[in-house]
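Novice: Fold the following.
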Amino acid sequence: MDQIDYIKQPKVPAVTLCSTPTRPSGDSDKGMLWLSAYHIIFADKENNELQIVYSAISRVTMHSFGDQGAMLAVELKTFRRIFFYIPVVSHANNVIDTIKQLKCPHFMKWLPAYKPEDDANLKGWDLFDMLREYERMGFVGESARNDTWRLTTMNNELRKCTSYPRHLVVPNKVDDDVIEEVFKHRELGRIPVAVYRDSIKDAVLVRCGQPRTQKGKTCYQDAQLLRNIQAACEGRSGFIFDTRTAAVANKNGGSEPTARGQPYSSWKMMNIGLKTVRDLQMSFDKLLDACSDCSMDASVFWGKVESSGWLYQIRMCLFAAVAGAKQIREEGNPVVVHGTSGYDNTSIITSLIQLLLDPFFRTIKGFVRVIEKEWLWMGHPFSSRHQQYYMNPMGVQSPVFLLFLDCVHQCIKQFPYCFEFDDALLFDLHSASQDCEYGTFMFDTQLEREAQAKSKHFKSFWPTVLEDEGADKYTNPFYNPTCEVSKSWLHLSFRPQVVALWEEMYCWHSTKQRHPLAVRRESVHDEAKRERDIGEEVEKVLKELNAFEKEKGLKQTSIGSAITSHLSQAQHQTQHHGTARTPPSSTTTTTSSHQPTTKSPLESTSSQPEPTSTTVSDSTNSTHTPAKASSVKSPRKSSSSSSSMTLLPSKKVARKAVKDKGLFDDDDDVDVFEVGAARAQRNSSTASLNNTSNGIGQERVCDDEVNDGNVSHHTVRESGPQPLLSAKSSLFEDDEEDEEDDEDEGGIVMK
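Specialist: Take a look at the predicted model:
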């Protein structure tokens with residue numbers, strides 16, 4: 001059979017697209033509903049189309065109105081809802097039967113990601129190389145900091161462990177004979193392997209599956225491997241993070257005995273207490289039920305959200321990430337993370353620890369590399385967890401990857417200036433992992449993924465992220481990699497007051513209207529892109545001007561320096577009225593920090609950034625009071641024509657001044673100077689814009705101290721304007737005042 005055979009009625013007439021589940025009244029706009037092999041297509045009378053991929057549908061329900069027809073509620077995996085009113089009940093039943101058969105197809109070739117064989121589909125599959133990543137982290141190769149680690153090729157043919165990559169990092173002193181026994185002792189052959197090496201303390205992050213100690217058996221080769229991991233980290237004590245509760249770990253019989261006299265006595269055990277994949281799915285269903293009911297009171301809603309346990313899961317994941325990062329960076333201790341199988345909750349914790357420690361992983365390319373390394377190459381079963389097709393009926397559906405994306409969202413919310421990407425990338429990653437339109441997030445192991453990539457039938461998702469259009473779409477305009485916090489490890493807060501519901505993801509169900517945050521995010525991206533385009537255009541004009549002056553034999557200080565001078569004055573005025581502030585690197589005392597302001601090629605290097613301050617308090621309800629810097633005076637408000645604002649020359653005055661110098665023969669040649677003046681005028685107006693703009697301020701609670709599971713808190717409050725965006729103004733707009741009288745319309749007034 002083909003998927004066409006499951007379509008009972010390919011064309012359904014007189015269908016109404018509704019925004020609510022209530023039956024439409026009056027003469028509503030009707031359209032045609034088409035059922036194709038891969039899509040549901042709704043076309044109204046004006047030929048506006050809405051296409052829905054079957055694999056993007058989570059569930060579909062029907063509410064019958066008797067003889068008055070039926071309402072179909074289609075819920076997507078992105079938690080958006082679409083309602084179709086069908087006047088004939090039998091037609092509605094045919095649509096439901098078709099959707100249920102095709103939303104989880106029987107064969108792989110029925111998926112929308114399956115394309116005709118083409119060499120172009122190979123693009124993006126070879127972007128990540130595990131060996132290059134090992135060299136970058138200093139395990140092996142020319143960048144290796146010492147000879148304490150080596151690569152083992154025992155899994156080169158993927159026979160020892162199908163869910164691991166071919167090359168694994170192990171201590172140099174451990175022979176392959178020992179590793180052979182460890183393969184037998186660990187769940188699914190997932191032995192302890194190093195996945196990250198800290199660049200400062202030289203400690204490592206290790207992941208694995210649970211040990212098979214159900215009947216009291218102890219594998220001394222496994223204990224020897226862990227002792228050599230400690231020795232490679234200068235013999236420091238290590239921590240084992242078991243993502244399960246102690247009860248679940250003891251029930252499954254897979255836990256390292258760390259008591260005195262036991263083989264693992266040199267390690268300390270910490271049970272994180274995360275839910276199993278089945279319990280996580282139940283928790284997520286409760287969350288969706290709470291978010292889908294718009295009629296309940298606020299108190300009832302928040303009670304259901306908290307009782308679902310979803311936010312608790314996020315807090316525990318952040319707690320484990322902070323605890324692991326603290327042990328690696330501050331204590332220099334190795335950290336081992338595992339659960340039962342070691343590819344679900346383990347991937348969340350190891351990924352978050354690396355995001356907190358390494359600024360490279362907080363860039364777009366680095367984040368892609370984390371997902372490739374910790375989720376794809378380390379064997380997270382995407383097909384089983386997302387129920388992509390029927391080939392694996394034993395798979396357990398669970399939103400593990402979505403939980404990780406939610407944790408990353410909490411990180412971006414607390415540190416918006418430390419991540420090169422924003423929530424737009426997280427939304428598209430969730431959609432790509434669910435809709436089956438790319439082969440990147442399909443299949444359960446890297447072995448299956450490599451085989452399908454070679455078949456040339458599946459496209460990779462990464463080219464859409466890393467190419468120019470993706471970079472513009474996902475780049476965070478507030479990203480500042482030069483501030484001290486961005487260069488250090490992030491002290492996340494996991495308190496209930498800070499971890500909030502991602503309402504843009506779970507609570508916005510409309511497909512007709514976009515979420516206000518999405519609209520705002522897109523406008524910020526457009527404004528930032530426009531700012532870059534204007535800067536490039538002005539720089540291009542200045543180069544042409546310099547070339548023209550050289551050709552005429554003129555001094556290069558005549559026009560170009562004047563433009564640069566005006567731009568520098570405008571930039572100084574912008575900094576004087578509101579400079580983007582960054583938090584200090586220390587969070588223990590009241591300090592004043594200087595942030596280097598990102599400058600365009602046209603700005604002067606002599607302007608000084610404005611110092612900012614951060615107040616540390618012990619109460620989460622304390623009020624932030626910025627410390628006053630005695631060396632900087634606050635700007636005076638402009639109240640008259642003699643204010644401190646820089647007055648820029650109008651086009652007419654600029655044209656007249658240049659003509660008097662005899663630098664050009666006609667008025668057309670002065671356009672270059674007009675470009676510079678307009679640019680300076682636009683930069684000057686930015687100061688007043690920022691005083692009234694809705695910049696993203698920040699208030700966060702951070703640095704939850706973790707000491708062997710005991711948590712002590714103190715609070716850091718930060719506020720201040722974010723990096724500024726330009727006002728909407730045209731660089732090349734015509735000056736209508738050019739035809740007025742010849743009197744001076746404003747000269748250059750220096751402070």
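
Novice: Contacts only, for the closest residue in space to Arg212 that isn't next to it in sequence.
Specialist: The spatial neighbour of Arg212 that comes closest, neighbours along the chain excluded (C-beta to C-beta, 6 or more residues apart in numbering), is His185 at 5.7 Å. (Each C-beta comes from the backbone N, C-alpha and C, glycine too.) Contact partners of His185, counting by C-beta atoms under 8 Å, 6 or more residues apart in numbering, are 211-212, 219, 221-222.

Novice: so after the strand or helix carrying Ala325, what's the next helix or strand?
Specialist: In the assignment (DSSP states H and E), Ala325 maps to helix 310-326. Sequence order places strand 335-338 as the next helix or strand after helix 310-326, per DSSP H and E.

Novice: Over to Trp34. Which of the three states is it?
Specialist: Put simply, Trp34 is strand when judged by DSSP: H, G, I helix; E, B strand; the rest coil.

Novice: pLDDT below threshold where in the stretch 151-300 of the chain?
Specialist: Under the criterion pLDDT under 70, the flagged ranges of the stretch 151-300 of the chain are 214-216, 235.

Novice: Please apply the same query to the stretch 551-700 of the chain.
Specialist: Low-confidence segments of the stretch 551-700 of the chain (pLDDT under 70): 554-700.

Novice: Quick check: closest non-adjacent residue to Asn480.
Specialist: Nearest residue to Asn480, sequence neighbours excluded (C-beta to C-beta, 6+ apart): Tyr417, at 4.5 Å.

Novice: and if you look at Tyr196?
Specialist: Excluding its sequence neighbours, the residue lying closest to Tyr196 (C-beta to C-beta, 6+ apart) is Leu205, at 4.0 Å.

Novice: residues touching that neighbour, list them.
Specialist: Contacts of Leu205 (C-beta under 8 Å, 6+ apart): 194-197, 324, 328, 334-335, 337, 350, 353-354.

Novice: just checking, it is part of a helix?
Specialist: No: using three-state DSSP, the assignment for Leu205 is strand, not a helix.

Novice: just to revisit the earlier point, so the residue nearest to Asn480, which of the three states?
Specialist: Tyr417 ends up coil, using three-state DSSP.

Novice: so it makes contact with Val485?
Specialist: Yes: with contact defined as C-beta atoms under 8 Å, Tyr417 counts as touching Val485 (7.4 Å).

Novice: before we move on, the earlier item: how many other residues sit next to the residue nearest to Asn480?
Specialist: Neighbourhood size, Tyr417 [other C-beta atoms under 10 Å]: 23.

Novice: Just give the number of residues close to Asp193.
Specialist: No, residue 193 isn't Asp; it's Val. Using other C-beta under 10 Å: Val193 sits among 22 other residues.

Novice: typed the wrong thing, it's Ser295
Specialist: 6.

Novice: and it, which of the three is it?
Specialist: coil.

Novice: Also Lys251?
Specialist: Look at Lys251: counting by three-state DSSP, its state is helix.

Novice: can you count the residues close to it?
Specialist: Neighbours of Lys251 using other C-beta under 10 Å come to 12.
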